[in-house]
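S.K.: Give me coordinates for this.
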Amino acid sequence: MSSRQYKLVSAAVGVSAAIAMSVFGVAFSTVSSAQEPFKLSPVTTPAATTGQTVTLTKAPSAPQTSHAKPSIEGPAPLPPEEQGLPG
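M.R.: Predicted coordinates for the structure are as follows:
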């Protein structure tokens, strides 16, 4: 089979696959023009709102925590199954 024939057969297979996908897509479509579109979520979403964010309190002048300290210091002991042999 020559390269030209191979390209022609490949193009025919590709076009027929695209046509078949289109036909199956239209045939198995569950929404008609008379129906409302299918919703994927049972939860209704509220309409988007735009507006200003209002903050009624004033930000503190200094941070609440001066310095974070860990509750445990030093290396933690290994669990018994991960401890090595003594010595």
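S.K.: residues in contact with Ala59?
M.R.: If you count contacts by CB atoms under 8 Å, 6 or more residues apart in numbering, Ala59 has none. Bear in mind the C-beta positions are built from the backbone N, C-alpha and C, glycine included.
S.K.: In three-state terms, how would it be classified?
M.R.: Under DSSP: H, G, I helix; E, B strand; the rest coil, the three-state class of Ala59 is coil.
S.K.: Kindly state the pLDDT recorded for it?
M.R.: As predicted, Ala59 sits at a pLDDT of 80.
S.K.: how near is it to Ser10?
M.R.: Here the criterion is CB to CB, to the nearest Å. By it, Ala59 lies 66 Å from Ser10.
S.K.: Same question for Met1.
M.R.: 11 Å.
S.K.: same check, this time on His67
M.R.: Taking CB to CB as the measure, His67 falls 69 Å from Ser10.
S.K.: And Lys7, how far from Gly14?
M.R.: Here the criterion is CB to CB. By it, Lys7 lies 10 Å from Gly14.
S.K.: out of His67 and Ser10, which sits in the more crowded spot?
M.R.: Ser10 (10 against 5; other CB atoms under 10 Å).
S.K.: So what does the more buried one look like in phi/psi?
M.R.: In terms of degrees, to the nearest 10, the main-chain angles of Ser10 are phi -60, psi -40.
S.K.: same check, this time on Lys58
M.R.: Dihedral angles for Lys58 - degrees, to the nearest 10 - are phi -100, psi 140.
S.K.: distance of it from Gly84?
M.R.: As judged by CB to CB, Lys58 and Gly84 stand 57 Å apart.
S.K.: Where do the helices of this structure begin and end?
M.R.: In the chain, the helices defined using DSSP state H lie at 3-27.
S.K.: Tell me where it is predicted with low confidence.
M.R.: For the chain, the stretches flagged by pLDDT under 70 are 30-43, 45-46, 66, 86-87.
S.K.: 80 instead, please
M.R.: 1, 27-55, 60, 62-72, 84-87 (pLDDT under 80).
S.K.: and Val13, how many residues sit next to it?
M.R.: Number of residues near Val13 (other CB under 10 Å) recorded here: 10.
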